[in-house]
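Novice: fold the following and give me the result.
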Amino acid sequence: MGSSKDRALIVLPLKIYIGTQTGRSYLLAYNYPQKETRFYRLDRIRDIYDLNEEKKYEKYLSLAEEKVKNCWGVSHPETSEDKELDRIELIIHVGEREEYIIRRLEREKRGGRVERIDDSNFRFTIEVTDARELFPWLRTFIGRIVRFRCSNPAVTKRFFDDIREMAEDYGGSI
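Specialist: Residues are numbered from 1 along each chain as shown. Model prediction:
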């Protein structure tokens, strides 16, 4: 790891992920001393040393994939049992000749669900380990969002605080 926090970690590499919003590459690995799966940024790994062959690789990979199946990005709780999933419900208005918005929702929904409410409104719902990771994506729908709800009150507060702050920056209010 390259920084003032140089340290050696003993991990089992499992999978490589590419962040769709940042383009950063992450290694999903099982950290033996901490007995948990974690993401590590590849650009911060300085050296790699080959240790022993892991005979239970498939077991660790299966556990890791189960743990990250509700991740929007690379954030996940220390253990899956520690935290309930955040449930987001978003109503998005889609105007005439804006079918591309619907196609985009379907393409980018990850583990979410998109359903038509009426001719011009669609509901997007998803359960994730950390709803804050959706903020950059959600912001791309500002002006189309009819309703935003999240089971995590802190996420809801931050979402509306961010909108309020943005409106003030542009001389308006909500």
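Novice: got the phi and psi for the residue positioned nearest the centre of the chain?
Specialist: Centroid-nearest residue in the chain, with CA atoms, centre = their mean: residue 72, separated by 2.2 Å. When quoted as degrees, to the nearest 10, the phi and psi of residue 72 stand at phi -80, psi -40.
Novice: give me the low-pLDDT residue ranges for this protein?
Specialist: Along the chain, the parts satisfying pLDDT under 70 run over 1-5, 20-21, 76-82, 173-174.
Novice: need the residues that contact the one helix or strand residue 137 maps to.
Specialist: When elements are assigned from DSSP states H and E, residue 137 belongs to helix 135-139. With contacts defined as CB atoms under 8 Å, 6 or more residues apart in numbering, helix 135-139 is touched by 21, 72, 90, 108, 145, 148, 158-159, 162. All C-beta atoms are positioned from the backbone trio N, CA, C, and that covers glycine.
Novice: which ones among those map onto helices?
Specialist: Among the contacts of helix 135-139, the residues falling in helices (DSSP state H) are 108, 158-159, 162.
Novice: between the residues you listed, which is nearest residue 141?
Specialist: Among those, residue 108 lies closest to residue 141 (CB to CB), at 10.6 Å.
Novice: which residues touch the residue in the chain sticking out farthest from the centre?
Specialist: Most distant residue from the mean C-alpha position of the chain: residue 52, 32.3 Å away (CA atoms, centre = their mean). Applying CB under 8 Å, 6+ apart to residue 52 gives no contacts.
Novice: isn't there a strand covering it?
Specialist: No. Under DSSP: H, G, I helix; E, B strand; the rest coil, residue 52 sits outside any strand and is assigned coil.
Novice: ok but residue 102 is inside a helix, no?
Specialist: Yes. Applying three-state DSSP, one finds residue 102 inside a helix.
Novice: for it, which non-adjacent residue is spatially closest?
Specialist: Among residues not flanking residue 102 along the chain, residue 94 sits closest, at 5.9 Å (CB to CB, 6 or more residues apart in numbering).
Novice: now for residue 26, how many residues are close by?
Specialist: When counting by other CB atoms under 10 Å, one arrives at 20 neighbours for residue 26.
Novice: so who does it touch?
Specialist: Contacts for residue 26 (CB under 8 Å, 6+ apart) come out as 16-19, 39-42, 74.
Novice: look at it and give its secondary structure.
Specialist: Recorded secondary structure, residue 26: strand (three-state DSSP).
Novice: beta partners of it?
Specialist: In this entry, residue 26 is beta-bridged to residue 17, residue 41, by DSSP bridges.
Novice: most neighbours among the ones in helices among the contacts of helix 135-139, please name it.
Specialist: Highest neighbour count within those: residue 159, with 21 neighbours (other CB under 10 Å).
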